[in-house]
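Asker: Model the structure of this input:
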Amino acid sequence: MMKMKGLLVCSLALMVFFVAVSGGSSPSGDKVTYDKKSLVIDGQHRILFSASIHYPRSTPQMWPSLIAKAKKGGIDVIQTYVFWNLHEPQQGQYDFGGNNDLVKFIKEIQAQGLYASLRIGPYIESEWSYGGLPFWLHDIPGIVYRTDNEPFKNQMQRFTKKIVDMMKEDKLYASQGGPIIISQIENEYGIVEGAFHEKGKSYVRWAAQMAVGLQTGVPWMMCKQQDAPDPVINTCNGMRCGETFLGPNSPNKPAMWTENWTSFYQVYGEEPYIRSAEDIAYHVALFIAKKGSYVNYYMYHGGTNFGRTASAFVITGYYDQAPLDEYGLIRQPKWGHLKELHAAIKLCSNNLLFAEQIILPLSPQQEAYVYGDYRNSGECSAFLVNKDNRVAKVLFHDMLYQLPPNSISILPDCKVEAFNTAKVSSQHDKRTMVPIEKFDSNARWKEYTEAIPDFGKTSFRANGLLEQMNTTKDKSDYLWYTLSFQHDLPDEQVMLNVQSRGHVLRAFVNGNYAGSAHGTHKNPSFSMETNVTLSKGKNSISLLSQMVGLPDSGAYMERKVAGLHIVKIQHKDLSRNYWGYQVGLLGEKSEIYSDGGSSKVQWDKLGSTAKPLTWYKIHFDAPARSDPVALNLGSMGKGQAWINGQNIGRYWVSLRTPKGKPSQTWYHVPRSFLKSTGNLLVLLEEETGNPLGISLDKVLITTICGHVSESHLPPVSSWVEKNQRTKNNGQKQNRDGTPNVQLSCPQGKTISKILFASYGTPSGDCQGYAHGSCHASNSETIAQQACLGRRKCSISASSENFGDPCPTMLKTLVVDAQCI
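Answerer: Take a look at the predicted model:
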C-alpha cells in the first residue's frame, strides 16, 4: 500500500513538472514546449543554431554589433550565462548596471529578432573566477557547495528566483512575449556528482524541481547531466557530440548540444588551441544527421576577462579564435563556413523534423543518413558521411559522389550537393596590429614604487600561515606574509625555503628583492629556494603571495586552498610563528589607478632602473575613427592595467609558451572606456618590465584571401535558385554553377591592391602561395577589374572567365587582396 501511495505521489509530481514546462502563453507570447524532435515554439518545430556571447565579457556598446553579426551568420539564439558574483558581490547587494546589465542585453537580443537561452547556473565554471559563485558563500556556516546542503540550496534558490523574477518583470520569457525560450539550471554537474554520492543525486532532483517550480513557461535543461530528471532536458557539451552524446534520457526529449567548443580557453604559458572551420562543421553536420536539433557554439564571441574575473591562470583574452574574435571582428573562414553550413542544414529542416530517418551503409567508412522517401523520388534530404582520412567515392541514389577525407556532404533533395564540410569557399583574413601611438617618451611617464610592508607596520596578525583565499576574501590577488626574524650571528647568507599552494611568490628581505617563483595551471603548487642575506639582529621577511584568479571547478570548492604553507630559514621551520598580514597593495587601497586616487600619492619621474612592484602612469588621447584598439604590453612582465580607472585585466607577458612567445601580448581597450582626450593609463608592474616599449595599436583586418578549386561548391544560396528550376523535372543531376572567390573588406574599408592572383595550379593556400606550373597570365588583371575600389567582389573560378591555361587539369583560383 505504501509503495502504491509513493508511486501515485511521484506520478502527480511529474504531471506538475510537465504542466509547468508547457506553461500558458500570454496573448502576445509564444508557447515553448518540446518533443523528441526539437524545441517547439508557438507550435512550430525548430532546428536552432545558437551563439554563446557573454554580456560582461564585452561592453553594452559592443552588444548590438556582436548580436547583428551572429544573426547575419545564420544564428537563431544568443546564449549566455548569468554571473552570480558580478551581480551579488556582497550578500544582498546587487549590481545590474553597465556591463552587468543583463536585462538590457536580453532586450537587445529581442530587438534584433533572435531568441535567448539563459544559463542561470548559478554555478557556471566558464573559466570565470570561482565558477561564478560569490566568495561570501564561503563564510556561511556549514555550507558545502553544489550538493544536498541546506545553506547552499537556500542561497542558490534565492538567487535563481531573483533572476527569474527579473526576467518575468520585464516580460522576457517567450511565454510572455519575450525572447527567452529555454533556461539552464546547474552546469556540468555530472562531472562531480559522484564525489557527493547519494547527496549528489538528491541535489540533482532538488535543483530540477526547484527550477521547474519557478514556472517560467519555457523548458529547463542540464548540460552534461545524463540523469537530468524529467522534464529537464539533458544536453551535451564538447567538441564531438555527434560521436560522444549518449542521447536524451527520455524518449520525449530532443537532442541538444549546449557547448560546441569553437576552440578552447587558453592559460598563461600555453599555446592557443586552433580548431579548424572544417572540423567544427563536420561535427555539427554529424550531430544534426543523428537527429540533433539544437547546436550552440561556445564561444561564438569570447571577449575579454576584464579586471580579475578570469579563473586561475586563464589569460585575459577569452576564446579569441571564435567566429567573432575578442574585439568583435569577424574571423574568417570560420564565420563564413559556418554560415554556409547553417543555410544548407536549414534547407533540410522539414525532412529532418518530420521524415523518417534511414541509415544506409555505403562502405566500411562511409554511410548516409537519409530523411524521407529517397527510393520513390519523394521529398528527402541526405547527409553523406566519410569517416575515413582518405578521399572516398560512394554510390548513393544511383549517383556517384566524391567525398573529401573526414567530411560530410549535405544533399537537401537527396540529389545535389549544397555543402561539404571540408570544402571551404569562404575567404580567409589576416588580423594586423598597427601601432598608432608609441609610449616611448620618458618625460610622459610617472612612477610610484609600492611600499614593502614589514611586520611592525601590520595590524592584522596571527599564529601560523593563513590560507590566502579565506584571508583576502577575493578583494585582491595579493597577500603579504610578514615576519620579524632575530638573527644573532654576523651577517651571512642563508637558505630561504618557501612552499606555496599557488600561484606566485615574491620574496623581500629587509626591503630588498630576494627572488620569485610560480606555479602553473596544471601544477599551481610550487616551492622556492633562494639564498638571502641576513643582518645581525632583527630582520624583516616580507613574502608577497599572489593568485592569478580563483579556482573555477571541482567538487568541494569551498575546501580549496592557496597561499603559503611552509616557510623555513636555514632548515628552521617558521610556519607556526607569529605572522603579520596585509591584504592587497597600498596602491590598490588608494585606487591610484583612478583620476581621484592618482592624486593621493607622490609620483616620481621615470627612473633609469626598473624595480619590482612599481606603478606607472601616462596620459594619452583616443585615436581617431572607430577601429578596435589594444595595448601592446610585449615589453612588460606581469601585472594589471587600468584605463580611466577601469581594469582591463591581468597580463603576464614574461611567462612564455613552449615556443618562446607570450600567451597574450595585446590587451583590449574597449572604445567605451576612452575619452576623446586625457585618458589615464596606469599599470602595476610586478616584475621589471619596460613601459617605454608599450604602444597603443589599432586592430585591423588588412588582407583578405580567397582559395577555391573547380571541385568546390558555389554558395548555398545558388542551390536554392537552381533547385527551384529543377525540382520537379525528375532528373538526378550534378549541381551546376561555378564556385566563386568572394572577398569582402570590413565595413568602411575597400580593396586597394591585389597582392596575388592565380588561376591554374598555384601551390600553397592563403597562408602561403606561389604560381604553379599552370597559370593564367590574365589572373591579376581580372582580379583587379573585379575588385579594386570595391568593398566586396566575386570572381568566378572558371575557364569561361580566365580562359583555360591547362585543359586536362583541375584548376584552382587564389586571390589575395589588401583592404584600407
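Asker: ok, the closest residue to His518 other than its chain neighbours to Gly269 distance?
Answerer: The shortest distance from His518 to any non-neighbouring residue, by Cβ to Cβ, 6 or more residues apart in numbering, is to Val504 (4.3 Å). For the C-beta atoms, the positions are set from N, CA and C on the backbone; glycine is no exception. Using Cβ to Cβ, to the nearest Å, Val504 is found at 12 Å from Gly269.
Asker: now Ile330
Answerer: Ile330 sits at a distance of 29 Å from Gly269 (criterion: Cβ to Cβ).
Asker: hang on, Val164 in a strand?
Answerer: No: assignment of Val164 by DSSP: H, G, I helix; E, B strand; the rest coil gives helix, placing it outside any strand.
Asker: Distance check, it against Arg625.
Answerer: Distance from Val164 to Arg625, by Cβ to Cβ: 42 Å.
Asker: of Val504 and Gly269, who's got more company?
Answerer: Val504 (22 against 18; other Cβ atoms under 10 Å).
Asker: what's the more buried one in contact with, if anything?
Answerer: If a contact means Cβ atoms under 8 Å, 6 or more residues apart in numbering, then Val504 has Ser516, Ala517, His518, Gly519, Ser545, Gln546, Met547, Val548, Lys638, Glu686 as its contacts.
Asker: would you turn those residues into CSV with pLDDT?
Answerer: Output for those, formatted as CSV (pLDDT from 0 to 100):
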residue, pLDDT
Ser516, 98
Ala517, 98
His518, 98
Gly519, 98
Ser545, 98
Gln546, 98
Met547, 98
Val548, 98
Lys638, 98
Glu686, 98
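Asker: With secondary structure, distance to Met399 and neighbour count as added columns, please give those residues in a markdown table.
Answerer: A markdown table is the format used below for these (DSSP: H, G, I helix; E, B strand; the rest coil; distance: Cβ to Cβ, whole Å; neighbours: other Cβ atoms under 10 Å):
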| residue | secondary structure | distance to Met399 | neighbour count |
| --- | --- | --- | --- |
| Ser516 | strand | 67 | 17 |
| Ala517 | strand | 65 | 16 |
| His518 | strand | 60 | 22 |
| Gly519 | coil | 59 | 20 |
| Ser545 | strand | 67 | 25 |
| Gln546 | strand | 64 | 22 |
| Met547 | coil | 61 | 24 |
| Val548 | coil | 57 | 26 |
| Lys638 | strand | 60 | 24 |
| Glu686 | coil | 65 | 27 |
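Asker: for these, which one is nearest Val144?
Answerer: Taking Cβ to Cβ as the measure, Met547 is the one of those closest to Val144, at 22.5 Å.
Asker: isn't the closest one right next to Ala312, touching?
Answerer: Yes: at 7.3 Å, Met547 counts as touching Ala312 under the criterion of Cβ atoms under 8 Å.
Asker: joint contacts of those two?
Answerer: Gly502, His503.
Asker: neighbours around Tyr578, how many?
Answerer: Neighbours of Tyr578 using other Cβ under 10 Å come to 12.
Asker: Apologies, that question was intended for Ala195.
Answerer: 13.
Asker: Am I right that it is in a helix?
Answerer: Yes: using three-state DSSP, the assignment for Ala195 is a helix.
Asker: mind listing the strands in the stretch 101-250 of the chain by residue range?
Answerer: For the stretch 101-250 of the chain, strands defined by DSSP state E, counting those that start in this stretch occupy the ranges 115-121, 180-185, 220-223, 233-238.
Asker: can you list those strands in JSON lines and add distance to Asn154 and mean pLDDT?
Answerer: Below are the strands of the stretch 101-250 of the chain laid out as JSON lines (distance: least, Cβ to Cβ, whole Å; pLDDT from 0 to 100):
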{"stretch": "strand 115-121", "distance to Asn154": "16", "mean pLDDT": "98"}
{"stretch": "strand 180-185", "distance to Asn154": "15", "mean pLDDT": "98"}
{"stretch": "strand 220-223", "distance to Asn154": "20", "mean pLDDT": "98"}
{"stretch": "strand 233-238", "distance to Asn154": "26", "mean pLDDT": "98"}
